[in-house]
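Q: prediction below, plus the sequence it came from.
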Amino acid sequence: MTQLALDAEALYVELRNGVQRLCNPTTRLVGIVSGGYWLAQRLHKDLNLPDAPGAISSAMHRDDFAQRGLAASAQTSLPFEINGADILLLDDVLYTGRTLRAVLNELFDFGRPASVRLAVLVDRGGRQLPVQADFAAARVALGADQSLALARSEAGVFSFDVKGA
């Protein structure tokens, strides 16, 4: 199998452009911990948005919670009112849709948003649930035995960690 080469910084530029088109004055960014939150933080700065982004964890609503447990770093923090808000969820990689299902359950524990949209850096296909991104910077096909995750250097530079065949 050939080595997958994705330029995370170039894809971030595409994501930034797509998010800019999706945002309106009432949009609130919420990043899925951890890669999605890194994206939300950088987008908040780069787009000069007024409200700090939220962070949301899928840990408490995952269907595999018994196997994974609760990570200490995976805390939900939503520094704005959720009721009636226009939420733009951000994630690094969309795969089966199970994380997104868990995140939606967590989000609705905090209130009832007016709308929820999704923007991702990479959509790798392989859905097990009927979800799709409103914007994906890239779409790639990976085998079920492969994993793709966003990494961030101390300087804030993005790269991808690809594992498997």
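A: Done, it's in. Numbering: from 1, shown residues only.
Q: name the residue closest to the centre of this protein, please.
A: Asp91 (1.1 Å; CA atoms, centre = their mean).
Q: which helices and strands sit right next to whichever strand or helix holds that one?
A: Using DSSP states H and E, Asp91 maps to strand 86-94. Counting contacts by 3 or more CB pairs under 8 Å, 6 or more residues apart in numbering; DSSP states H and E, strand 86-94 packs against helix 8-22, strand 27-32, helix 35-46, helix 98-109, strand 115-123, strand 147-152. Glycine gets a C-beta too; all of them are placed from N, C-alpha and C.
Q: per-residue confidence averaged over that strand?
A: Throughout strand 86-94, pLDDT has a mean value of 98.
Q: ok, now stretch 5-12?
A: Across stretch 5-12, the average pLDDT comes to 94.
Q: show me the shaky parts of the chain.
A: 1-4, 62, 64-74, 165 (pLDDT under 70).
Q: let's see 50
A: Confidence mapping of the chain against pLDDT under 50 gives the ranges 1-2.
Q: need the contact list for Arg127.
A: When contacts are counted by CB atoms under 8 Å, 6 or more residues apart in numbering, Arg127 touches Tyr95, Thr96, Gly97.
Q: if I pick the residue nearest to the centre of the chain, what's in contact with it?
A: By CB under 8 Å, 6+ apart, the contact list for Asp91 reads Gly31, Ile32, Gly35, Gly36, Leu39, Thr99, Leu100, Leu118, Ala119, Val120, Leu121.
Q: could you pull up the residues touching the fifth one?
A: When you say that, I think you mean Leu39. Per CB under 8 Å, 6+ apart, neighbours of Leu39: Tyr12, Leu15, Gly31, Leu90, Asp91, Asp92, Leu121, Leu150.
Q: relative to Ser34, how far out is the residue nearest to the centre of the chain?
A: Noted for Asp91: a distance of 10 Å to Ser34, by CB to CB, to the nearest Å.
Q: ditto for Leu94
A: Noted for Leu94: a distance of 15 Å to Ser34, by CB to CB.
Q: again with Val157
A: In terms of CB to CB, Val157 sits 16 Å off from Ser34.
Q: coming back round to it: which residue packs closest to the residue nearest to the centre of the chain, ignoring adjacent ones?
A: Closest residue in space to Asp91, ignoring its immediate chain neighbours: Gly36 at 4.0 Å, by CB to CB, 6 or more residues apart in numbering.
Q: is it true that the one you found touches Asp92?
A: Yes - counting by CB atoms under 8 Å, Gly36 does reach Asp92; the two are 5.8 Å apart.
Q: who has more neighbours out of the two?
A: Between Gly36 and Asp92, counted using other CB atoms under 10 Å, Gly36 has the larger neighbour count: 29 against 25.
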